[in-house]
Structure formats: C-alpha cells, structure tokens
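**Q** predicted model, plus sequence, below.
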Amino acid sequence: MKDRFTLDVVDALDPEFDRLAKLARSEDFRFMDTLIDRWRDGSNRFDQPGEAYFAVRRDGRLIAAGGLNRDPYCQEPGTGRVRHVYVEPDVRRSGAGRLLVEAIVDRARDAFKIVRLRTQTQRGALFYEALGFVRCDDPTATHRLAL
C-alpha cells in the first residue's frame, strides 16, 4: 500500500519539531536546532515574500519538514534557498522527501529564478540530483536548480 502523506505550510512550530530535531541531532545534523532557535527568536520564520516552511505528516505525525527562504548567502536577485530539509530515517525512500522538495520548488517558481542548497551527504546530493538539481562550485552551496 502506498504511503499517504499530508503536506501543509507551517505557521507555528509544534512540539513535534523538537522530536524531529532530536532525530536529526542523533545523525549529527544540527540544522533543525538552528531552525527552531531562529523561529523562536523571530529571526527566520519563513514569512518573507516567496518564502514558506512545510511539514509532511503521515497519520498526523510529523515525518519530514523543509522550507524556502531568500538565499542569505547570495546577493544575486531572484535567488531562493532550500533550507532545513529533514526526513525521518524510517520513512526515507517512501516519497515523503520527494513530495516535500517538489512543493518547495513549486513555491519557488512564483518568486525566484534559481534555488540553491547545501547538502552535507552524498546520499543527499544524489537525492537532489534525482530531482533535477545540479552540482555547483560555490563555497555556500552544493547544488542549484534554474527555474
């Protein structure tokens, strides 16, 4: 049976984001902690024009999250950034990550000409490349996608 997911734009972080951050930390990823810290202090809530943060749930449980910001590392107008994407290890390869990133890219098409990202793993690189991103040689990004 195919997994059924719901995808929503996040306007507040519920306690399940702390659980997701703990899982990410167990894999030595700290970016979910950064997301939570910056959301709570108000410095980044993905609420600027063109931005959004998404949650993927299965049976009401948060299993993946990620968002789109204006790229803070690039001065080129029209550049967005895929940020803080994390998928629970137990649901990887289920389609949840693809659903999430496709939603991010769809949102980006309305506001940006290019989206960039930085991934820390080869597995992540292959995932993004399967979705059309190409490697780039930049100290602040590993991949980009022209829209």
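**A** Alright, I've got the coordinates. Numbers count the residues shown, from 1 in each chain.

**Q** can you give me the helices in this protein?
**A** Remark: helices assigned in the chain by DSSP state H are 16-26, 31-41, 96-109, 122-130.

**Q** helices or strands next to the last one in the packing?
**A** For helix 122-130, the contact count by 3 or more Cβ pairs under 8 Å, 6 or more residues apart in numbering; DSSP states H and E identifies helix 96-109, strand 141-146 as packing neighbours. All C-beta spots, glycine's among them, are computed from the backbone N, C-alpha and C.

**Q** mind listing what's buried in it?
**A** Neighbour counts over helix 122-130 (16 or more other Cβ atoms under 10 Å) mark 124-125, 127-128 as buried.

**Q** low-confidence ranges in this protein?
**A** Where the chain drops to pLDDT under 70, the residues are 1-3.

**Q** give me the neighbour count for D41.
**A** Counted with other Cβ atoms under 10 Å, the neighbours of D41 add up to 9.

**Q** correction: F5
**A** Close neighbours of F5, defined as other Cβ under 10 Å, add up to 17.

**Q** isn't it right next to G60, touching?
**A** No: taking contacts as Cβ atoms under 8 Å, F5 lies outside contact range of G60: 11.0 Å.

**Q** overlap of the contact sets of the two?
**A** Contact criterion Cβ atoms under 8 Å, 6 or more residues apart in numbering; residues shared by F5 and G60: none found.

**Q** what about E102, distance to L13?
**A** 22 Å (Cβ to Cβ, to the nearest Å).

**Q** now, the most widely separated pair of the buried residues of helix 122-130?
**A** A125 and F127 (7.2 Å; Cβ to Cβ).

**Q** give the residues shared as contacts by those two.
**A** In contact with both A125 and F127: T119, using Cβ under 8 Å, 6+ apart.

**Q** nothing else from me, thank you.
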